[in-house]
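S.K.: Just the structure for this:
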Amino acid sequence: MAPLQTLLSLANIITALAVMNFLAFAAFGLDKARAEQGAWQIREETLLQLAFFGGTLGAYAGRAVFRHKTRKQPFCGRLHFIAGLQLCMAVFLVVFLW
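M.R.: Numbers count the residues shown, from 1 in each chain. Reported below is the predicted structural model:
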């Protein structure tokens with residue numbers, strides 16, 4: 001099997017997505033705790049990058065569980081944009097590569 005095919009195996013993709021979602025969820029929890037303590041917070045760009053690189057579900061779960069950044073604009077709009085972009089990409093991959 002070619003190295004790229006090995007790297008992009010279904011098991012590796014699922015593992016990477018699970019890790020990214022865990023990291024995004026944990027980042028929202030840490031950011032909320034730090035905000036409550038008045039300490040430094042995780043940059044919004046970092047939270048959005050975690051979502052962009054596969055942690056969207058973890059980001060949404062973290063927002064809901066920790067009630068963090070649920071009304072903050074333009075953060076919410078950017079997160080929704082990332083989720084929509086990923087949904088479009090998933091539909092494209094299923095339709096054209098299945």
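
S.K.: Can you get me a residue count around residue 42?
M.R.: For residue 42, the neighbour count with other C-beta atoms under 10 Å is 15. From N, CA and C alone the C-beta is placed, and that goes for glycine too.

S.K.: how many neighbours does the nearest residue to it once chain neighbours are set aside have?
M.R.: Nearest residue to residue 42 in three dimensions, chain neighbours excluded: residue 31, at 4.4 Å (C-beta to C-beta, 6 or more residues apart in numbering). Residue 31 has 21 neighbouring residues, counting by other C-beta under 10 Å.

S.K.: Let me see the contact set for residue 31.
M.R.: 41-42, 47, 68-69 (C-beta atoms under 8 Å, 6 or more residues apart in numbering).

S.K.: That one sits in which helix or strand?
M.R.: In this assignment (DSSP states H and E), residue 31 forms part of helix 10-37.

S.K.: for that helix, what is the average pLDDT?
M.R.: If you average the pLDDT over helix 10-37, you get 96.

S.K.: buried stuff in it?
M.R.: By 16 or more other C-beta atoms under 10 Å, the buried positions in helix 10-37 come out as 17, 20-21, 23-25, 27-28, 30-32.
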